[in-house]
Every structure is written in structure tokens, then in C-alpha cells.
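Novice: take this sequence and fold it.
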Amino acid sequence: MLLIISNKILLKAQYELLNNLSYNKEKINQALSECVAWQASLNSLKEESYTLKTTLSEVLDNNTTAKELIAEAEDFHNFIVERDEYIKDISLDVKRQEKKLKEFSSKNTTDKYWQKQQQKLRNEVIYLEKDFAKMREDFYRKFLKKV
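Specialist: Coordinates of the predicted model:
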């Protein structure tokens, strides 16, 4: 009788472990998809950053005498370059996370540490997208009328 109960407990534990592995693998696959979406978003921001710098250059080409405009453009250029560095850093972190997730997926691990890093990256991407949107708005408010 004790052996039957032990076998049932063992079977239940194995079943729960398989469910946890399956659930974890599904979560890892969702996180990998999120990483792919982030990379696309970051690439889009890189391209937009390039466009903003080009537009800024055009503004300066058309207004080479306005010292206040030149100083404002220089400040804005530095602001854009800072965002470029932030995009680059997050992109590297996302690539590292993607690599770790692929390793975890192939090992069938139940390690949940990757979830903290995923949430951190999620927060950073959200912040960057909001910050970039504000920068874009400020940029066009200040410089679009001067192109």
C-alpha cells in the first residue's frame, strides 16, 4: 500500500515537472518573440535617429548665421547621440538576453532568473520609446519650421 502511494506521489511530481518545463518553455518562447520585436523597434529608432540628424544638418545648412539656432542644434545633436548610445546598449543587452533564452530553452530548465532581466529590458525599452517620442516632438516643434 505504501509503495502504491509513493508511486502516485512520484508520478504526480513527474507530471508537475513536465508541466512546469512545458510552461517555462512557452514563456521562454514568448520572451524570445518579445526580444525580436524589441530589436525591430530599436532598429526603427536607429533609423529615425539618423533621419533626425540629417534633418538637423539641413536646418543648419539653410541657417548658417543664426548663432542661437546653431547652439540649439548642437545641443539637440548631442541629445540625439546620447539616445543613439542608449539604443546601442539596450540592443546589446537584448541580444545577450536572446542568447541566454535560447540556451535555457534547449536545456529545458526551470530557472526563472531570466524573467527579472526580461522585465528590466521591457522597462528600458518602454522608457526609451517614450523618451524618444518626446525628443521627436521637441525636435519637430523647434526645427521643422526652420527647414
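Novice: quick one: low-confidence residue ranges for the protein.
Specialist: Under the criterion pLDDT under 70, the flagged ranges of the chain are 1-23, 64, 108-111, 145-147.
Novice: what segments of it are helices?
Specialist: Counting by DSSP state H, the chain forms helices over residues 2-62, 67-107, 113-143, given from the N-terminal end onward.
Novice: got TSV for these, with mean neighbour count too?
Specialist: Where C-beta positions appear, they are placed from N, C-alpha and C, glycine not excepted. Formatted as TSV, the entries for the helices of the chain read as follows, by neighbours: other Cβ atoms under 10 Å:
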stretch	mean neighbour count
helix 2-62	14
helix 67-107	15
helix 113-143	14
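Novice: so who does the residue lying closest to residue 35 once chain neighbours are set aside touch?
Specialist: With Cβ to Cβ, 6 or more residues apart in numbering as the measure, residue 98 is the residue that lies nearest to residue 35, at 4.4 Å, once sequence neighbours are left out. By Cβ atoms under 8 Å, 6 or more residues apart in numbering, residue 98 lies in contact with 32, 35, 36.
Novice: what about 10 Å?
Specialist: By Cβ atoms under 10 Å, 6 or more residues apart in numbering, the residues touching residue 98 are 31, 32, 34, 35, 36, 38, 39, 121.
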